[in-house]
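Enquirer: for reference, the sequence and a predicted model appear below.
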Amino acid sequence: MKRESFGSRLGFLLVSAGCAIGIGNVWRFPYITGQYGGGIFVFFYLLFLLLMGVPVLMMELAVGRAGRGSAMVAYRALEKPGSGWHLHGWACMLGCYLLMMYYTTVSGWMLAFFVKFLTGSFEGLGNEAAGDVFGRMLANPGEMCFWMALTVLAGFLVVSAGLQKGLERMTKVMMTALLALVLVLAIHSMLLPGAAEGLKFFLVPDWERAVDSGLGNVITAAMNQSFFTLSLGIGAMEIFGSYMSREHTLGGEAIRISLLDTLVAFASGLIIFPACFSYGVQPEQGPPLIFLTLPRMFGNMPGGRLWGTLFFLFMTFASFSTIIAVFENILACCIENFGWSRKKASATNAVFLLIAGLPCALGYNLWSELRLIGGRDVLDSEDFLVSNLLLPLGALVYVLFCVSRAGWGYGEFLREANTGRGLRMPGSKWMKLYLQFALPLLILLVFLQGLIA
């Protein structure tokens with residue numbers, strides 16, 4: 001059977017960027033930037049994105065493009081006989097399942113709030129009542145399961161149609177709409193009275209704020225954000241490398257994906273901070289800002305129902321683009337390793353994730369007393385396994401496979417990365433030494449920080 005491929009280079013870039021663009025950048029990037037000194041944090045973030053994110057992304061894409069398959073298939077095609085690198089493919093598959101077991105619930109929150117604003121559920125509510133909407137939703141097991149299930153079923157319906165007709169076509173529509181929404185929302189926020197203070201808070205380097213937070217903490221946070229923003233380490237990006245052509249070098253493609261990802265994260269700050277300062281909302285609140293504070297702000301804003309609807313539509317597209325991209329990786333693993341058809345893989349995995357997603361959906365109501373890893377609730381425990389263990393360790397495996405003699409080998413990786421037109425990675429000795437020694441140490445540092453935190 002002929003392997004599927006993207007219909008266009010634009011499709012590859014948008015799907016890959018859609019996988020990377022998720023709740024982490026549009027939710028976490030703005031508030032952590034504000035917390036750690038604005039422009040100072042942005043500088044370190046971009047630095048580590050170039051030093052860590054781009055090289056690891058290149059390696060995932062290289063393994064996929066050279067191996068022409070999902071992680072297990074690609075490793076088998078490239079590894080030396082008798083080595084066990086392909087076993088990491090099972091860890092990648094596990095990581096994708098674990099990620100979707102809670103990410104579908106969180107994406108369901110975005111969809112729920114989009115519908116609530118669209119239907120006027122927040123109109124006429126006072127500040128306290130608007131802030132209570134999220135808590136009431138978490139406490140309602142039926143509502144939580146409904147939005148999670150709707151997200152799962154919609155995601156598998158899209159990817160069941162195929163790579164080009166399903167994933168690529170839908171992602172092009174969503175990403176185009178997402179970028180248009182970002183532009184409209186950012187312009188609106190920047191024109192609000194008092195918006196200049198929000199822009200200053202977000203963009204102007206503030207050494208006093210950075211020193212108060214601890215410069216080491218600023219650097220650490222920038223390193224973590226630059227690494228986690230691209231969803232590296234569980235094969236989610238590798239599968240798209242297996243579908244891409246060899247017309248362009250991987251360095252240029254990795255930088256384009258990273259820039260699209262950063263653009264949306266950056267623009268989300270332009271949306272949130274000017275609006276916060278315009279309406280007297282504290283921007284350092286972190287995660288509660290999205291579901292507890294912003295709805296109150298939209299309620300006090302002229303045309304708030306419209307702007308709230310557009311904002312949560314933007315958030316829905318950002319999260320759902322990640323979901324269908326990871327679903328595609330899961331399907332590819334099942335099709336290539338178990339010989340299933342795309343329809344069978346879609347139906348089987350839809351049923352599995354509907355069941356596997358229940359603990360997270362019920363973890364704030366019927367199972368709210370359940371505490372797992374280190375006293376964490378279900379969602380935080382699943383996120384800990386993915387973010388603190390599987391992502392950094394998986395990225396480390398990809399790096400070691402690409403740069404070590406026991407793996408694929410640095411020369412083979414460099415040859416694949418530089419195949420095609422575009423930006424070529426230098427073959428200098430210092431680059432080889434950096435990728436072989438410094439980059440693994442940086443990733444190991446991210447891993448250790450996650451365990452300590």
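Expert: Thanks, I have it. Numbers count the residues shown, from 1 in each chain.
Enquirer: give the rounded mean pLDDT of stretch 415-429.
Expert: Rounded to a whole number, the mean pLDDT of stretch 415-429 is 93.
Enquirer: to clarify, my last question referred to stretch 19-36.
Expert: Stretch 19-36 comes out with an average pLDDT of 80.
Enquirer: pull the CA atoms of that stretch into CSV?
Expert: Extracted C-alpha coordinates of stretch 19-36, given in CSV (Å, rounded to 0.1, in the frame of the first residue of the first chain):
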residue,chain,number,x,y,z
CYS,A,19,0.7,20.2,16.6
ALA,A,20,3.2,22.5,18.4
ILE,A,21,0.7,25.3,18.9
GLY,A,22,-1.4,24.3,21.9
ILE,A,23,-2.6,25.4,25.3
GLY,A,24,1.0,25.6,26.5
ASN,A,25,1.9,28.6,24.3
VAL,A,26,-1.4,30.5,24.3
TRP,A,27,-2.0,29.9,28.0
ARG,A,28,1.4,29.6,29.7
PHE,A,29,3.7,31.7,27.6
PRO,A,30,2.0,35.1,28.2
TYR,A,31,1.7,34.8,32.0
ILE,A,32,5.2,33.4,32.5
THR,A,33,6.6,36.1,30.3
GLY,A,34,5.0,38.8,32.5
GLN,A,35,6.1,37.0,35.6
TYR,A,36,9.8,36.8,34.7
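Enquirer: distance between that stretch and the chain's centre?
Expert: 10 Å (C-alpha atoms, centre = their mean, to the nearest Å).
Enquirer: tell me the buried residues in stretch 430-445?
Expert: 435, 439-440, 442-443, 445 (16 or more other C-beta atoms under 10 Å). Every residue, glycine included, has its C-beta placed from N, CA and C.
Enquirer: any idea which of these is closest to Leu313?
Expert: Comparing the buried residues of stretch 430-445 against Leu313 with C-beta to C-beta places Ile443 closest, at 35.2 Å.
Enquirer: so which strand or helix has the closest one?
Expert: For Ile443, the enclosing helix or strand under DSSP states H and E is helix 439-452.
Enquirer: and that helix, what does it pack against?
Expert: Using 3 or more C-beta pairs under 8 Å, 6 or more residues apart in numbering; DSSP states H and E as the contact test, the elements touching helix 439-452 are helix 54-67, helix 215-228, helix 391-403.
Enquirer: for the second one, which outside residues touch it?
Expert: Counting by C-beta atoms under 8 Å, 6 or more residues apart in numbering, helix 215-228 makes contact with 24, 28-29, 32, 35-37, 40-41, 44-49, 51-53, 56, 210, 387, 391-392, 395, 442-443, 445-446, 449-450, all of which sit outside it.
Enquirer: show the buried residues in those residues.
Expert: Listed as buried from those are 24, 28-29, 32, 35-37, 40-41, 44-46, 48-49, 51-53, 56, 210, 387, 391-392, 395, 442-443, 445-446, 450; burial here means 16+ other C-beta under 10 Å.
Enquirer: show me what contacts Asp380?
Expert: Listed by C-beta under 8 Å, 6+ apart, the contact set of Asp380 reads Ile373.
Enquirer: got the phi/psi numbers for it?
Expert: Backbone torsions of Asp380, given as degrees, to the nearest 10, read phi -70, psi -30.
Enquirer: quick check: mean pLDDT across the helix holding Ile443?
Expert: Per-residue pLDDT over helix 439-452 has a mean of 90.
Enquirer: output it as CSV, restricted to C-alpha atoms.
Expert: Output for helix 439-452, consisting of C-alpha atoms alone and laid out as CSV, is shown next (Å, rounded to 0.1, in the frame of the first residue of the first chain):
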residue,chain,number,x,y,z
LEU,A,439,22.5,19.4,24.0
PRO,A,440,22.0,16.1,25.9
LEU,A,441,23.2,17.8,29.1
LEU,A,442,20.7,20.7,28.6
ILE,A,443,17.9,18.2,28.1
LEU,A,444,19.0,16.2,31.1
LEU,A,445,18.9,19.5,33.1
VAL,A,446,15.3,20.1,32.0
PHE,A,447,14.4,16.6,33.1
LEU,A,448,16.1,17.0,36.5
GLN,A,449,14.4,20.3,37.0
GLY,A,450,11.0,18.8,36.3
LEU,A,451,11.6,16.0,38.9
ILE,A,452,12.8,18.6,41.5
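Enquirer: check the offset of it from the chain's centre.
Expert: On the basis of C-alpha atoms, centre = their mean, helix 439-452 is displaced by 19 Å from the centre of the chain it belongs to.
Enquirer: so what touches it?
Expert: For helix 439-452, with C-beta under 8 Å, 6+ apart as the criterion, the contacting residues are 48, 51-52, 55-56, 220, 223-224, 227, 387-389, 392-393, 395-396, 399-400, 403.
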